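Enquirer: got a predicted structure here, sequence first:
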Amino acid sequence: TSATAGGAAFTLTVNGSNFVSGAVVQWNGTALTTTFVSASQLTAAVPAALIAAVGPVTVTVVSGSVTTSGLPFTINAPPPTIASLNPSSATAGAAEFTLTVSGTNFVSGAVVQWNGAALTTAFVSATQLTASVPASLITGAGNATVTVLSGGIATSGLTFTVNPAPAIANLNPGSATAGGPAFALTVNGSGFAGDAVVQWNGAALATTFVNAGQLKASVPAPLIGTQGNPTVTVTSGSVTSNSVTFAINAPPAIASLSPGSATAGGPAFTLTVNGSGFLPGSVIHWNELALSTSVQSANEVTAPVSAALITSSGTTAVTVTSGGVTSNTAQFTIGAGPAITTLDPSSATAGGPAFTLAVIGSNFASG
């Protein structure tokens, strides 16, 4: 009793009474190719061209030169279908956006539905609708079903995904030393999408997406030129994460050495370097030779100096490298060893009285 506009040709069965051989089924008055089955049944071929457009049709039978009354046949509009959504996902907490729904057989007045609730919809064409999705519908992660109600017929649904909002758990490393070199920052967390960008005090860094829980970003040296505490955030799907503080520590600085000098040829000793900005892993350098260093605190590092390093007089440059940054230089003095030139007197007679011996030379120290 009905067909869908644009459908294929079909056979129509007409049931009634008093049909005679030669009876003809008529379609809005147009004769169809008809087959006589019996006095109570005819069949007729309906070509596709007759159901190309929506509308009512009247079917009659002419039998023995007598025309029956008509019965209605309905040509319905084809049902709407959804093919795709653009975008097909959003991030929880994002702003209101426009959803484009592509499909077929949309009619003016069609409404896009979000989990069954009507959205403000604009009819673009029979194959496209746009709808406004308010921010209140995407406040939390999850899935929504999008359908279209067109001409009183609802389509099947397509899934729209609301991804979790980005969140930072920690940074690696979590600090650097002022004046240090460029480095790669690893941001660990959740809810990172392929378009995620790491921000440094609001400025975008060159970012590599690893997975939904990790990003890597390049931090150039100028951004850690001075001591401070910049904030790191992630923008993903137009949503900005929580902020995490990155520490830029003061560079290492030497205030004094203890001892500050030694005598050439003297024994090994422990050198104490006093100053600031000494981080775990700091290394004392003796004329660029790395010494085995112990970090006592941020203000003190120590290292053993072997006797082989003070065999001859001169000055040694002492520095401390911490966090990839080298401190100022402190001079360690290696004084010349004592030397005797003459004795006065240089001899005495056995059995003689006590006397005072003068030893003449150089580099004698008190004691």
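Expert: Received, thanks.
Enquirer: CA only for contacts and neighbour counts going forward, please
Expert: OK.
Enquirer: ok, residues contacting stretch 29-39?
Expert: 16-26, 42-46, 58-60 (C-alpha atoms under 8 Å, 6 or more residues apart in numbering).
Enquirer: narrow those to just the buried residues.
Expert: With neighbours counted by 16 or more other C-alpha atoms under 10 Å, these contain buried members at 19-20, 23-26, 42-44, 46, 59-60.
Enquirer: can you tell me which of those residues lies nearest to residue 303?
Expert: Nearest to residue 303 out of those is residue 46 (C-alpha to C-alpha; 101.8 Å).
Enquirer: thinking residue 77 is in contact with residue 5, fair?
Expert: Yes - with contact defined as C-alpha atoms under 8 Å, residue 77 reaches residue 5; the gap is 5.4 Å.
Enquirer: any shared contact partners between the two?
Expert: 53-54.
Enquirer: what is the neighbour count of residue 66?
Expert: 10 (other C-alpha atoms under 10 Å).
Enquirer: and what of the one 3 residues further on?
Expert: Counted by other C-alpha under 10 Å, the residues lying close to residue 69 total 10.
Enquirer: doesn't it lie inside a helix?
Expert: No - applying DSSP: H, G, I helix; E, B strand; the rest coil, one finds residue 69 to be coil, outside a helix.
Enquirer: quick check: residue 307 touching residue 270?
Expert: No - here residue 307 does not reach residue 270: they are 10.7 Å apart, not a contact under C-alpha under 8 Å.
Enquirer: one step back: now the buried ones among the contacts of stretch 29-39 in a markdown table, with secondary structure and distance to residue 102?
Expert: Formatted as a markdown table, these follow (DSSP: H, G, I helix; E, B strand; the rest coil; distance: C-alpha to C-alpha, whole Å):
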| residue | secondary structure | distance to residue 102 |
| --- | --- | --- |
| 19 | coil | 49 |
| 20 | coil | 51 |
| 23 | coil | 47 |
| 24 | strand | 44 |
| 25 | strand | 41 |
| 26 | strand | 39 |
| 42 | strand | 43 |
| 43 | strand | 40 |
| 44 | strand | 38 |
| 46 | strand | 32 |
| 59 | strand | 37 |
| 60 | strand | 40 |
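Enquirer: in CSV: the residues you listed, plus pLDDT.
Expert: Shown next, in CSV, are those (pLDDT from 0 to 100):
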residue, pLDDT
19, 96
20, 96
23, 97
24, 97
25, 98
26, 98
42, 98
43, 98
44, 97
46, 97
59, 98
60, 97
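Enquirer: pick out the most distant pair among those.
Expert: Spatially, the most separated pair among these is 20 and 46, at 20.5 Å (C-alpha to C-alpha).
Enquirer: residues contacting stretch 311-322, please?
Expert: 177, 251-254, 263-266, 277-288, 326-337.
Enquirer: quick check on those residues: which are buried?
Expert: 177, 251-254, 263-266, 277-279, 282-286, 326-327, 329-337.
Enquirer: so which of the residues you listed belong to strands?
Expert: Taking DSSP state E, the ones among those that sit in strands are 177, 253-254, 263, 283-286, 326, 330-335.
Enquirer: name the nearest of those relative to residue 153.
Expert: residue 177 (65.5 Å).
Enquirer: separation between the closest one and residue 104?
Expert: 61 Å (C-alpha to C-alpha, to the nearest Å).
Enquirer: cool, and residue 127?
Expert: Taking C-alpha to C-alpha, one finds residue 127 at 5 Å from residue 104.
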